[in-house]
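Participant: give me a 3D structure for the following:
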Amino acid sequence: MRIEDASSADAIGRHVRDILDRISLAAVRAGRRPESIRLIAVTKAVSAERIRMAVEAGVRILGENRLQEALPKIEALEGRDVRWHFIGTLQRRKAKAVVGTFEMIQSVDRLELAVEIDRRAGEAGIRQDVLLEINVGREATKTGFSPDGAADAVTGLEALPNLAVKGLMAIPPQGPDAEASRPSFRALRELARSLASPQLKRVRMEELSMGMSRDFEVAVEEGATMVRIGTAIFGERHG
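Facilitator: Model (predicted):
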């Protein structure tokens, strides 16, 4: 898919509508309900003005990688019908500022971070929704629980009263085309299935956040409930 200049509301609107159509078609191919998949617009290095254009085109969930970049955008869009997800690497010292500011933290990549988020959520009197980030390709350059480590961590996560684990998130290894991501998406789906248990109260496997601009249709076919898309909406960005 060639991404045209996305500086105008018309261009961003066309991109959003095209992506929503492609999500729907992929869902139908997989025998799924299109409304069961949510689009998350990744707003890293995107101005508040251009984010507003995407919201006006129908985007309702926004994903940010960096706390300091997110805060002025959250303020600028206050009052809009949008929700914010934190999708970047989170340092423990910044957990206090992220907890409660974001509806969901998708990038819980280690048990120590989960414990800190639980502590900060307890202080704020809330339960924080999170996803566990899985290093599905076991890549040395990426953070995240290993597939085996996620199973080992579930007991500890279940003991955290202020955390609501909703599912898994992953970024597959870079491949030559969208189809190269399919085994990773399938592996994440199967891992979620293996972790799910009716005995668990705080650890659920309802959500799979997987798929980006280059491979989101394959992700939907393999069970994604959320797709994180930036370039295909806003064009190439830097920063």
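
Participant: strands along this protein, start to end?
Facilitator: Counting by DSSP state E, the segments of the chain that form strands are 38-42, 61-64, 83-86, 104-108, 128-134, 163-170, 203-209, 226-229.

Participant: what lines up beside the fourth one in the sheet?
Facilitator: Strands that pair with strand 104-108, judged by DSSP bridges, come out as strand 83-86 (parallel), strand 128-134 (parallel).

Participant: which secondary element of this structure has the worst mean pLDDT?
Facilitator: Least confident helix or strand, the chain: helix 147-158 with a mean of 92, by mean pLDDT, DSSP states H and E.

Participant: other SSEs contacting it?
Facilitator: Contacts defined by 3 or more C-beta pairs under 8 Å, 6 or more residues apart in numbering; DSSP states H and E place helix 147-158 against helix 111-124, strand 128-134, strand 163-170, helix 182-195, strand 203-209. Backbone N, C-alpha and C define where each C-beta goes, glycine included.

Participant: name the helices or strands packed onto the helix ranked longest in the chain?
Facilitator: Identified as the longest helix of the chain according to DSSP state H is helix 9-29. If you count contacts as 3+ C-beta pairs under 8 Å, 6+ apart, helix 9-29 packs onto strand 38-42, helix 48-56, helix 216-221, helix 231-234.

Participant: circling back: for residue 47, find the nearest of the helices and strands packed on helix 147-158.
Facilitator: For the helices and strands packed on helix 147-158, the distance to residue 47 is smallest for strand 203-209, at 24.3 Å, taking C-beta to C-beta.

Participant: what about residue 110, neighbour count?
Facilitator: Using other C-beta atoms under 10 Å, residue 110 is surrounded by 17 other residues.
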